[in-house]
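>>> Predicted coordinates and the sequence they were generated for:
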Amino acid sequence: MPFPLHLFNPQNFARLTPRRVSLVRFVRAIDDVAVVDASDPDDRGFDLDPTFANAHGPAFGISGPDGATTAQQCRIRVIRDRLEPAVPLFPTIADPALVTQVSPAPGAVLNPSFPGDDTLIVRAARAPATDTSTTLSLHFGSATGPVVGECTIRVLPIIPITVKGHLVTINGGAPSSNRATFDALLLRANIILAAAGIKLTLDPVIQPENISGLRTANTISLLNSTAHFDSELSQVMRLRPLSSALNVYIVGNIDQISSGGNNHNVVAGVGISSVRAASRPPSGTYVGGQTGFVTRDPDDLDLFGWVFAHELGHVLTLEHYNNKQVPNVQSNNWSQRNIMYNHVNVFTGNPVNSIGYGIHGAGALGLPVNGRFRSGAFIGIKQFTRIFQSNQSFTMRTAANNGTFLIV
C-alpha cells in the first residue's frame with residue numbers, strides 16, 4: 001500500500017524530494033522588443049499576495065480605456081509542458097465584466113495556431129475605479145473541466161502624464177533630435193508602460209533651449225560620482241521647465257568623466273524624482289536638483305524607448321531592480337528582464353545573460369549586430385516582502401498620483 005506523500009514534511013525526510021509538475025505555462029507572446037498587445041508577465045513566484053495576484057501563476061498587467069484610448073488587448077502564449085497539442089484546453093475568465101475573452105470565443109476550445117504554440121487574446125472590458133484583478137484559467141476537456149493552469153489579469157485605469165519636450169543646444173552645439181524623435185520615443189515607451197496603466201502624452205510645443213559655459217559643446221559632462229546632482233545636469237534641467245508636466249531634455253551627448261578620461265555616451269539618460277530633487281536644494285554655485293530626466297540623441301529608437309520608460313521609472317521613485325545602488329544590482333533572470341535593470345542592453349556571455357528580448361536586429365549567423373542581447377522590460381506586479389520595490393506597478397502609480405514627476 002503506497003504512503004500518502006502529503007503526510008510527510010520533505011524538510012524532515014532528506015530522501016523525499018518534493019516536485020511541482022507544470023502541465024502548462026502562460027508566457028510572453030513574442031520574443032523581440034515590446035509590442036502593445038503582448039504584455040510582459042510577472043512570473044516570479046507561485047503562491048502570492050492575493051491583493052496583487054490572485055492566481056497560482058504569472059500576472060499580466062493591461063490598461064483599461066480612458067475615453068481617448070481603447071482598452072488594451074493582450075496576447076498570451078500557452079506552453080504545453082506535459083500536454084500533447086491535441087489535448088483540448090478551454091480558457092475561462094472569472095470576471096468577464098472586467099476582462100473580455102477575445103480569442104478563442106468564450107466557451108470555445110483553445111486551438112493552436114500551429115502545433116505546440118497556443119495563443120489566446122484578452123482585452124479589458126472596462127476601466128475599473130481602482131486596480132482590479134481577475135483570473136484566467138485553463139480547463140481540461142470542457143469549460144467546466146479540471147483547471148490545469150491559471151494566471152492573473154490585472155486591469156489598470158490609465159494615469160495620464162503630460163511630457164514637455166526640450167531640445168538643448170549646449171555651447172552652440174545642437175542635438176539632432178526633433179519633434180518626430182519625441183513622438184517615436186513616447187510611442188515605444190507607452191507600449192512598455194501600458195502594463196502599468198501609465199500613458200504619456202506629448203505637449204504640442206517642443207521647447208528649444210540654449211545654454212553656454214559648459215565643459216563641451218553639445219554635451220552634458222557628468223563630473224561627479226553622484227550623477228543625479230551633477231552641476232551641468234542640474235543647470236540643463238532648470239531650463240524653463242513646465243510646472244504641470246514631466247520635463248524631458250534631449251541633448252546631443254552625455255559623457256561620464258572619470259580619472260582616466262571621458263567615457264563618451266556610456267550613460268543613456270538620468271531621471272530624478274521630486275523626492276530626490278528636493279533633497280538637494282541650491283547651495284552656493286549649485287543651482288539645485290530638479291525633477292525630470294535628460295537623455296541623449298537616440299541611435300536606436302527601440303533601445304531609447306526602453307531608456308525613456310526606465311528613466312520615467314526613476315522619476316516615479318523606482319530604483320534599480322532589487323537593489324538601491326550600483327554595482328550591487330542583482331543579475332538573475334528576473335532582474336535582467338526588468339525595466340529597472342541598470343543596463344540598456346544585456347551583454348553576451350553565460351546563459352543567464354542571454355535573456356530579456358533575445359537577439360534583436362540579428363546579423364549573420366544569428367549574432368546580434370551590436371554584440372549585445374536586448375534587455376527585457378517587464379514591470380513587477382506581484383508583492384514580495386523580501387524584494388525591494390517588487391510591486392513596481394503599484395509604486396509607479398502611487399508616485400504618479402502623488403506628482404513626483406512635477407518640478408520642485
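Ah, there it is.
>>> And for Leu318, nearest residue in space, chain neighbours not counted?
Spatial nearest neighbour of Leu318, excluding adjacent residues (C-beta to C-beta, 6 or more residues apart in numbering): Met340 at 5.2 Å. The C-beta positions use only the backbone N, C-alpha and C, and glycine is treated the same way.
>>> tell me the contacts of the one you found?
Met340 is in contact with 310, 313, 318-321, 389, 392, counting by C-beta atoms under 8 Å, 6 or more residues apart in numbering.
>>> how about it, secondary structure?
With DSSP: H, G, I helix; E, B strand; the rest coil as the basis, Met340 sits in coil.
>>> For His310, see how far away it is.
Distance of Met340 to His310, given as C-beta to C-beta, to the nearest Å: 6 Å.
>>> burial count for Leu193?
For Leu193, the neighbour count with other C-beta atoms under 10 Å is 30.
>>> Check for me that it belongs to a helix.
Yes. Assessed with three-state DSSP, Leu193 lies in a helix.
>>> I figured it hits Ala309, correct?
Yes. Using C-beta atoms under 8 Å, Leu193 is in contact with Ala309, at 5.7 Å.
>>> Now do the strands in the stretch 51-200 of the chain.
59-63, 73-80, 89-93, 99-103, 118-124, 132-140, 147-156, 159-170, 198-202 (DSSP state E, counting those that start in this stretch).
>>> Between those strands, which one is closest to Pro282.
For Pro282, the closest of those is strand 159-170, at 20.2 Å, according to C-beta to C-beta.
>>> For that closest one, could you pull out the residues that count as buried?
Under the neighbour-count criterion of 16 or more other C-beta atoms under 10 Å, strand 159-170 has 159, 161, 163-170 buried.
>>> just to revisit the earlier point, now the strands of the stretch 51-200 of the chain as TSV including mean pLDDT and distance to Asn224?
Shown next, in TSV, are these (pLDDT from 0 to 100; distance: least, C-beta to C-beta, whole Å):
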stretch	mean pLDDT	distance to Asn224
strand 59-63	95	36
strand 73-80	93	43
strand 89-93	96	52
strand 99-103	95	48
strand 118-124	94	45
strand 132-140	95	43
strand 147-156	95	37
strand 159-170	98	18
strand 198-202	97	29
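>>> closest one to Ser221 among the ones you listed?
Among those, strand 159-170 comes nearest to Ser221, with 9.6 Å by C-beta to C-beta.
>>> what distance separates the closest one from the centre of its chain?
Distance of strand 159-170 from the chain centroid (C-alpha atoms, centre = their mean, to the nearest Å) equals 20 Å.
>>> One more: stretch 37-56?
Centroid displacement of stretch 37-56 relative to its chain, using C-alpha atoms, centre = their mean, is 15 Å.
>>> and if you look at stretch 178-193?
14 Å.
>>> How about stretch 139-148?
Put simply, stretch 139-148 sits 33 Å off its chain's centre (C-alpha atoms, centre = their mean).
>>> buried set for it?
Using 16+ other C-beta under 10 Å as the test for burial, stretch 139-148 gives 139-140, 148.
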